[in-house]
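**Q** I would like to see how this sequence folds:
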Amino acid sequence: MSEKTRWRAASDGDPDSPSVAKETPGQETPRLYEFGPFRLDPAERKLWRGNEIVVLTPKAFDTLHLLVRNSGRLLEKDDLIRMLWPDTFVEEGSLSNHIFLLRKALGEDPAFIETVPRRGYRFVGAVRQLPHAAPPPPEKPPEGSRELANEVSTGWGLPTPSVVALPANVRRPWRTIAAIAAALIAMVAVGADLLWRHSTRLPDRSHWVQLTKFPDSVTQPALSPDGRMLVFIRGDSTFVGPGQLYVKILPDGEPVQLTHDSLYKMSPAFSPDGSRIAYTTVDPQFHYDTWVVPTLGGEPQPLLRNASGLIWTGPRQVLFSEIKMGLHMGIVAAEESRIGARDIYLPEDEPGMAHRSYLSPDGKWVLLAEMDQDHRWLPCRVVPMNGSSLGRHVGPLGGGCTVAAWSHDGKWMYFTLYSGGVNHIWRQRFPDGQPEQFTSGPTEEEGMAMAPDGHSFVTAVALQNISLWVHDAKGERQISLEGNGTNPKFTPDGKKLCYLIVKEAPREFAWYRNPGELLVADLESGRSEPVVRGLPVLDYDISVDGQQIVMSTTDREGKPRLWVARFERNSPPVQIPTVEGGSPSFGPDGDIFFRHVERKSTFVYRVHTDGTGLRMALEQPVFGLGAVSRDGRWIIGWAPLPGNGPPAVQAFPLDGGTPIRIGNTLYVGWSWSLDGRSVFIAESQTYLVPLPPGEALPRIPAGGFHSEEEIAGLPGARRINASAVVPGPSPDVYAFYRSTTQRNLYRIPIP
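**A** Residues are numbered from 1 along each chain as shown. I've put the predicted structure just below:
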């Protein structure tokens, strides 16, 4: 019998279980547990440390009860979640948060709770089981002593007064009454404070104040130090993309355009005196640089090379992100001239990237937003400003955090966070409160500029939708009628189209963390139906023979997994054993190519559908994996150039030859038609390029395409007037997107 089975058998029907309300009459079961200085009383739902009560939340108490009852046994995360939340679906982060609270309440010396990586938790303290008895009475103070005011440690780091009995010979009733009254008032105050801390006090949407009224999209707000001016980027991207800087005097000033160029931009910020605005630019070679422009208008000037997300922390002091090697980006503190530069934080794994940083009001802590090796947004992190440690994640553990902010008094951390398929604002009391959602509703809120008085913040509020269309001999018609359709792929015969329906409209640096339901549409009838029900899919591909489909998902522990299903759906999907990876693509021989994190970087592997034949496909690291050519000779990837150069889109020969550089940016799209006779190349426009007979690549200039004109000049090249084109069975059949997005800035009050 396995350890999990033994634990389940021991737990079933146990009257001590939190899910069982009553005890069997006449049954004598030990109901008290002692470990270290603690005594756990399940009947009274109390945890004692000596003569004092340790205050725990109800769910934290249930968690401790389960762990103590099964002392020495490994409790799997799935089983703990099943027992603690029997009728509710919760993220694994909820369990992790309660374990964190327990460790804080119990202390770490000694550590009573052991984490078994990727599996669960084990209570390692020596536990004695005792018959139920009344809790120990408080000890009397020495004869003649006055009232004592003891503090009881709580699970939230707050003092809770305990009342200590007076000696019998002390006859001071007015003092007794006063002491009891003071204690009761203090207890009520603490209880009210705890209730306020854990209640989600959402601001009334009717109190949101619209600050801009653009017909398209504005993002990434920042406020001047006096709160009178607002700067933002007019553009679609909430991270980095094309757009122009605008500044507006609040509340009703006319927005003024400050920049007039084609550079990709992100993260504007005011200087301490409000006279300049810094912003990040990203060129086609993926160089991150900081520029400044006068607030009242003028020519932008470069400030720092290899510096991104810059903010001022003093008159001449700055925090910014700096690429150390390849794409490995960390947080640096320095003077504005870069004198005295020192590292604050560098992600452990390359090419992890820390993109944005925010200094606490007391100057001791830094909140930061970072990406993992797969360039997915992680939960936000708080680190010490002195760079002495890697800090810890904050906010909901299952969400990707893109922007953060501090309250003006440093008591709250705020996050723009992608969780549950949509972006909203969350907050958490510093240093170790529980995360709570602050905004909700049909819109998305992203970006944050805290007002100097701390009574409000500015964020970008969006309503967006994206639809999926097909162009063929019949014209253009919409495929996805409801929801956001994304990631379309034709079946090899061109008669059907697979696609995902996701909660959030797809965009750069978000599609791969946006699971959805995989559907297949019959293009003749227009009917759509699920491919696999109940399996959230991140990415997928269809085999060349059209018989199988491979899907990328994440398991409960957040590991990327691959599943294979028959397209006819006459058998259940099967997980490929022993494989961790994403971005799957079928080769013509039926092998599956995928990305796998290894040695602190990402590599391309290949495997048979049954899990055999696992081997490395390319020896060099590849940051982004694209399509496999129809002849099986080439694979497209976004990877560093030889000699640890900047990343670029390249065609890698699978026979081990020299890769061919296709483009100089991340933004070059590449996909083969289903018949392998043409290729779609996309930069700002999409071009259909016929291939020479027997070739899988067109004529590519030395060093890759340097301009869109070079692509348009290829023999037979034809521009397609659609965005995000996905090729079908012939040059005139393809899928594409149409989207509507309106995003404006609002001021949201903080209750």
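**Q** number of residues surrounding residue 105?
**A** 22 (other Cβ atoms under 10 Å). Yep, even glycine has a C-beta here, placed from its N, CA and C like the rest.
**Q** nearest spatial neighbour of the residue most central in space within the chain, skipping sequence neighbours?
**A** Residue closest to the average C-alpha location in the chain (Cα atoms, centre = their mean): residue 400, at 1.3 Å. Leaving aside its chain neighbours, residue 400 sits nearest to residue 377 (3.1 Å; criterion: Cβ to Cβ, 6 or more residues apart in numbering).
**Q** the one you found against residue 418, yeah?
**A** Yes: using Cβ atoms under 8 Å, residue 377 is in contact with residue 418, at 6.6 Å.
**Q** returning to what we had before: gap between the residue nearest to the centre of the chain and residue 548?
**A** Using Cβ to Cβ, to the nearest Å, residue 400 is found at 31 Å from residue 548.
**Q** try residue 361
**A** Counting by Cβ to Cβ, the gap from residue 361 to residue 548 is 56 Å.
**Q** check residue 44 too.
**A** Distance from residue 44 to residue 548, by Cβ to Cβ: 58 Å.
**Q** between those two, which is the more surrounded one?
**A** Set side by side, residue 44 and residue 548 show more neighbours around residue 548, with 19 against 14, by other Cβ under 10 Å.
**Q** show me what contacts the more buried one?
**A** Contact partners of residue 548, counting by Cβ atoms under 8 Å, 6 or more residues apart in numbering, are 542, 564-567, 586, 590, 609.
**Q** ranges for the helices of the chain?
**A** All helices of the chain, identified by DSSP state H, fall at 3-11, 58-69, 77-84, 92-106, 173-198, 708-712.
**Q** hey, least reliable of these by pLDDT?
**A** Comparing mean pLDDT across the helices of the chain, the weakest is helix 3-11, with a mean of 35.
**Q** which residue, other than its chain neighbours, is closest to residue 68?
**A** residue 33 (4.9 Å).
**Q** before we move on, what about residue 608?
**A** Using Cβ to Cβ, 6+ apart, the closest residue to residue 608 is residue 591 (6.3 Å).
**Q** ok, that neighbour - how many residues close by?
**A** Residue 591 - counted by other Cβ under 10 Å - has 20 other residues nearby.
**Q** residue 613 is in contact with that one, correct?
**A** Yes: shown here, residue 591 and residue 613 form a contact pair, counting by Cβ under 8 Å, at 7.2 Å.
**Q** which residues do these two both contact?
**A** With Cβ under 8 Å, 6+ apart as the test, residue 591 and residue 613 both reach 606-607.
**Q** can you give the distance of stretch 521-538 from its chain's centre?
**A** Taking Cα atoms, centre = their mean, to the nearest Å, one finds the center of stretch 521-538 at 27 Å from the center of the full chain.
**Q** can you list the buried residues in that stretch?
**A** For stretch 521-538, a neighbour-count test (16 or more other Cβ atoms under 10 Å) marks 521, 523, 528, 531-532, 536-538 as buried.
**Q** neighbouring contacts of it?
**A** Here stretch 521-538 makes contact (Cβ under 8 Å, 6+ apart) with 470, 472, 477, 479-480, 494-500, 512-520, 549, 551-554, 560, 563, 565, 567, 569, 573, 582.
**Q** returning to what we had before: could the contacts of residue 548 go into TSV alongside neighbour count?
**A** Output for the contacts of residue 548, formatted as TSV (neighbours: other Cβ atoms under 10 Å):
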residue	neighbour count
542	22
564	20
565	20
566	13
567	17
586	22
590	13
609	17
